[in-house]
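Asks: Sequence and predicted structure, then a few things I'm wondering about:
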Amino acid sequence: MEKAIVAKNITKKYKLYHGTKERLLDLVTPKSYGEDFYALADVSFEAEKGDVVGFIGINGSGKSTLSNIVAGIVPETSGTIEINGQASLIAVASGLKGDLTGRDNIELKCLMLGFSKDEIKKLEPQIIEFSELDNFIDQPVKSYSSGMKSRLGFAISVNVDPDILIIDEALSVGDKAFAEKSLDKMKEFKKMGKTMIFVSHSIGQMKQFCEKILWLEYGMVKDFGTVEEVMPKYERFLKEYKKMSKEEREAYKHDALQEQQKVLMA
Ligand SMILES: Nc1ncnc2c1ncn2[C@@H]1O[C@H](COP(=O)(O)OP(=O)(O)OP(=O)(O)O)[C@@H](O)[C@H]1O
């Protein structure tokens, strides 16, 4: 099978500062201030061409950070990510410019993807129709609601025929009718054998779409396997996690972060 994405030992470190003073001091004498925080620790996974890989995990587990790294929006601190040669990759959630109108954003994103002016002219009506933004298409994107932004991002992404599509929580905002239309489009993509990364908190959507599941927890890979292998374990975990008291969750997190330290030292 042809590999579409190969991510090896991805680590993402952020600096956490206690207040502005510490942040400024760190600018003057770098590395002296702030606390290291690892949003991802030694994460590896692969997607074959045509796989739909779902990223799951409780809040703050690193799903968006990883999808942004795959999309090339956020740089990894260490590790490598390979995207199959000619694959054109598009992330629904990225790259909309607030000061530009919806229409200008369509043109800009298409230009960046290498489309010619003529090709963009043909694509534009299709994208606008899918977005259902009507007259808002000529308003600056900063005046859009998050649902509207997500509709524009999704409309562009699914109409430019990418090889790899990254859908990060794009269906959780906006109305139900649009989400259903988008899910239909995703089914179409799946039939066409496109590779997708899908980030969602919806267990139903995950089961419906994904072949593989990457379960992240406090930046570490808790499990990676087929949807049939991983989802039942995740659902059992969620049931237990929901029952935990605040203190129990803190203790759980503490243990996970100690494990993270071990992973990072290895
Ligand atoms: N720019 C940043 N600076 C510092 N910490 C960050 C930054 N971006 C993300 N983080 C932290 O990294 C961790 C992982 O965040 P991320 O958004 O990837 O998680 P997630 O699994 O997508 O969460 P959610 O399900 O809530 O969307 C979180 O603790 C978050 O606070």
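Replies: Yes, it's here.

Asks: same for whatever helix or strand Asn9 lives in, what does it pack against?
Replies: According to DSSP states H and E, Asn9 maps onto strand 3-16. Packing partners of strand 3-16 (3 or more C-beta pairs under 8 Å, 6 or more residues apart in numbering; DSSP states H and E): strand 35-48, helix 63-70, strand 78-83, strand 195-199. Using the backbone N, CA and C atoms, a C-beta is placed for each residue, glycine as well.

Asks: let's see it at 6 Å
Replies: Using 3 or more C-beta pairs under 6 Å, 6 or more residues apart in numbering; DSSP states H and E, the elements in contact with strand 3-16 are strand 35-48, strand 78-83.

Asks: Tell me how many other residues surround the residue nearest to Gln126 when sequence neighbours are not counted.
Replies: Leaving aside its chain neighbours, Gln126 sits nearest to Asn159 (5.3 Å; criterion: C-beta to C-beta, 6 or more residues apart in numbering). Asn159: 19 surrounding residues under other C-beta atoms under 10 Å.

Asks: Pretty sure Asn159 sits against Pro125.
Replies: No. Applying C-beta atoms under 6 Å as the test, Asn159 and Pro125 come out as separate, 10.1 Å apart.

Asks: Lowest average confidence across helices and strands of this structure, where is it?
Replies: Lowest mean confidence among the helices and strands of the chain (mean pLDDT, DSSP states H and E): helix 20-28, at a mean of 72.

Asks: Can you list the buried residues in it?
Replies: Within helix 20-28, no residue is scored as buried using 16 or more other C-beta atoms under 10 Å.

Asks: Now do the one helix or strand Glu180 maps to: which elements does it pack against?
Replies: Using DSSP H and E, Glu180 falls within helix 176-191. With contacts defined as 3+ C-beta pairs under 6 Å, 6+ apart, helix 176-191 has these neighbours: helix 146-159.

Asks: now Ala71: how far from Ile166?
Replies: 5 Å (C-beta to C-beta, to the nearest Å).

Asks: ok, those two, which is more surrounded?
Replies: Legend: neighbour count by other C-beta under 10 Å for Ala71 and Ile166, higher for Ile166 (27 against 21).

Asks: quick one, phi psi at the closest residue to Gln139 other than its chain neighbours?
Replies: In this structure, Gln139 finds its nearest non-sequential neighbour in Thr101, 6.0 Å apart by C-beta to C-beta, 6+ apart. Phi and psi for Thr101, reported as degrees, to the nearest 10, are phi -70, psi 170.

Asks: wait, Thr101 sits on Asn135?
Replies: No. Assessed by C-beta under 6 Å, Thr101 is found out of contact with Asn135, at 10.8 Å.

Asks: who has more neighbours, these two?
Replies: Neighbour count, other C-beta under 10 Å: between Thr101 and Asn135, Thr101 has more, with 16 against 7.

Asks: Quick one, grab the pLDDT at the more buried one.
Replies: At Thr101, the model reports a pLDDT of 96.

Asks: again with the one 5 residues further on
Replies: The predicted structure scores Ile106 at 95 on the pLDDT scale.

Asks: That one: neighbour count?
Replies: 25.

Asks: Any chance you could list what contacts stretch 138-155?
Replies: Residues from elsewhere that reach stretch 138-155, judged by C-beta atoms under 6 Å, 6 or more residues apart in numbering: 92, 96, 98-99, 101-103, 105, 127, 130-131, 170, 173-174, 178, 182.
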